[in-house]
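1. Sequence first, predicted model second:
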Amino acid sequence: MDIHRNIEETLLEYLAIFPSVGIVGPRQIGKTTLAKNLSQYRKIHYLDLESATDRQKLTDPILYLSNHTEKLVILDEIQQMPELFAELRGIIDSGRKVGRFVLLGSASPELIRKSADSLAGRIGYIELASLLLGEVGSENERKLWLQGGFPLSYLATSERSSLVWRKNFIKTYIEKDLASLGLSAESRVIERFWRMLASSHGNLWNAESISRSMGLTAPTINRYLDFMEGAFLIRRLQPYFVNIPKRLVKSPKIYLRDSGVLHAFKELSNLEQLLDDPQIGASWEGFVIEQIILAVQDRAQAFFYRTQQGAECDLILERNNTVLAAIEIKYSSAPSISKGFRITLQDTKARQGFIIAQTNESYQVESAIFVCSLKAFLDVFLLKLLD
């Protein structure tokens, strides 16, 4: 089963603007498949830099790549040969034209830094993230929520096969991939830290508490968190506190970006187990937030809102100092409106309030508050907000 990735249109646009395009994202998210699909538009030449054979071909990159000037050259796992960035800069500058290279990288912050140093003004970056609800169809919402957005997990032949794939994905990341990307820590420490992040999913970040539990310093814990965020494995949602004269919570909230990975840590293999899990509300909240942020892209900024007095809101969408929407996320078919949510609307002067719930219809409950499904919000309301 082939799934069309919406970001393909953006990739084609970037190839018409920049000499090189970088596609970043975690391993197994589909970067290679996306890049190879470009063969339907033009001739490509693919090199996997994890292959010793392909790395050997680039001993003299200028000479080798001069034989492929009429092709789009795809360099996969570019962080394996960071010295290539300087060579690519010279090649690009010697014959400036758009759409010459596609560089694929497994979310290394070091990769982005090196390429920014060497290819400034010559590269545009695209993040390929988890599958979107609009890419798999709203009828598959629960499957996407349960199994997550990694294509091989989502497309697995059974729920059990999907869970096995995700557990092995986590194991490989812990034992090999995170270290190869630059995280210097023992695998058992990384596993414990990742598990603690899973248990903190949807909660405020408390480095001091986690550092005490792990017997590490708070700066070390924060460095690990920075790395996991840079590897696109967790999302750090910042609080909204612009020009509001109240005592506000200023710690970020932490979410595992892929709901399937969260469920693998919790050994949830099917929907029945998920629905019985006490953390179901936090899981649904994180899934919805990730889907909305991925759909919004760079057209608005995402935050949460919470005061010391108890007013709170799961998601704030802000653009140009205007709060477009305050969003509360409920795993309920008949959600109620809390006093804290009403206060949030007043504090932030949000244009609209939304409660995203388990409902098949959209309806207005107050003058500025709508109840709707995730599909309706993404397909109808979000487009109007961002227009």
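-> Yep, it's here. Here the structure is a predicted model, which is why all the values come from computation and not from measurement.
2. In this protein, spot the helix with the most residues.
-> Assignment by DSSP state H gives helix 280-296 as the longest helix of the chain.
3. Let me see the mean pLDDT of the helix or strand following that helix.
-> Downstream of helix 280-296, the next assigned helix or strand under DSSP states H and E is strand 301-306. What strand 301-306 shows for mean pLDDT is 95.
4. buried residues in the next helix or strand after strand 301-306?
-> Later in the chain than strand 301-306, the nearest helix or strand by DSSP H and E is strand 312-319. By 16 or more other C-beta atoms under 10 Å, the buried positions in strand 312-319 come out as Glu312, Cys313, Asp314, Leu315, Ile316, Leu317, Glu318. Where C-beta positions appear, they are placed from N, C-alpha and C, glycine not excepted.
5. what's the next secondary structure element after strand 312-319?
-> Reading on from strand 312-319 to the C-terminus, the next helix or strand found by DSSP H and E is strand 322-329.
6. got the buried residues for that next one?
-> Quick answer for strand 322-329 (16+ other C-beta under 10 Å): Val323, Leu324, Ala325, Ala326, Ile327, Glu328, Ile329.
7. contact partners of that strand?
-> Applying C-beta atoms under 8 Å, 6 or more residues apart in numbering, the contact partners of strand 322-329 are 240, 284-285, 288-289, 292, 300, 305, 313-318, 335, 338, 341, 344-345, 348-357, 377, 381, 385-386.
8. any idea how far Leu386 lies from Leu11?
-> Distance check for Leu386 against Leu11: by C-beta to C-beta, to the nearest Å, it reads 21 Å.
9. so where is the stretch 51-200 of the chain shaky, pLDDT-wise?
-> Confidence mapping of the stretch 51-200 of the chain against pLDDT under 70 gives the ranges 107-116.
10. All the strands of it, residue numbers only.
-> Here the stretch 51-200 of the chain has its strands, by DSSP state E, counting those that start in this stretch, at 72-76, 101-105, 123-127.
11. May I see those organised as TSV, with distance to Ser209 added?
-> TSV is the format used below for the strands of the stretch 51-200 of the chain (distance: least, C-beta to C-beta, whole Å):
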stretch	distance to Ser209
strand 72-76	40
strand 101-105	33
strand 123-127	30
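12. Now the spatially most central residue of the chain. Nearest residue, chain neighbours left out?
-> By C-alpha atoms, centre = their mean, the chain has its centre lying nearest to Ala129, at 4.8 Å. Distances taken as C-beta to C-beta, 6 or more residues apart in numbering place Leu294 nearest to Ala129, at 5.3 Å, with adjacent residues excluded.
13. neighbours around the one you found, how many?
-> For Leu294, the count of nearby residues is 20 (other C-beta atoms under 10 Å).
14. That one and Leu128 touch, don't they?
-> No - counting by C-beta atoms under 8 Å, Leu294 sits too far from Leu128 to count as a contact (10.3 Å).
15. so how far is Asp60 from Gly95?
-> According to C-beta to C-beta, Gly95 and Asp60 sit 17 Å apart.
16. Which helix or strand contains Pro335?
-> Assigned by DSSP H and E, Pro335 belongs to neither a helix nor a strand.
17. Touching, it and Phe370? I think so.
-> No - using C-beta under 8 Å as the test, Pro335 is too far from Phe370 to be in contact (11.3 Å).
18. Which neighbours do these two have in common?
-> Ile355.
19. show me where the stretch 51-200 of the chain has helices.
-> Using DSSP state H, counting those that start in this stretch, the helices found in the stretch 51-200 of the chain span residues 52-57, 61-65, 84-94, 109-119, 133-136, 141-147, 151-154, 159-172, 178-180, 187-199.
20. Now the last one - C-alpha only, PDB.
-> Which is helix 187-199. Only the C-alpha atoms of helix 187-199 are listed here, as PDB (Å, rounded to 0.1, in the frame of the first residue of the first chain):
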ATOM      1  CA  SER A 187      22.100   2.300  26.400                       C
ATOM      2  CA  ARG A 188      20.500   1.400  29.700                       C
ATOM      3  CA  VAL A 189      20.600   5.100  30.700                       C
ATOM      4  CA  ILE A 190      19.000   6.100  27.400                       C
ATOM      5  CA  GLU A 191      16.300   3.500  27.800                       C
ATOM      6  CA  ARG A 192      15.500   4.500  31.300                       C
ATOM      7  CA  PHE A 193      15.400   8.200  30.400                       C
ATOM      8  CA  TRP A 194      13.100   7.500  27.400                       C
ATOM      9  CA  ARG A 195      10.800   5.400  29.600                       C
ATOM     10  CA  MET A 196      10.600   8.300  32.100                       C
ATOM     11  CA  LEU A 197       9.700  10.700  29.300                       C
ATOM     12  CA  ALA A 198       6.900   8.200  28.300                       C
ATOM     13  CA  SER A 199       5.600   8.200  31.900                       C
END
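21. Contacts for stretch 3-18 next, please.
-> Contact with stretch 3-18 is made by 21, 23, 30, 34, 37-38, 41, 72, 98-99, 102, 122-124, 126, 128, 131-132, 134-136, 151, 155, as judged by C-beta under 8 Å, 6+ apart.
22. and that stretch, which residues are buried?
-> Judged by neighbour count using 16+ other C-beta under 10 Å, the buried positions of stretch 3-18 are Arg5, Ile7, Leu11, Tyr14, Leu15, Phe18.
23. Now do it, average pLDDT.
-> Averaging pLDDT along stretch 3-18 yields 95.
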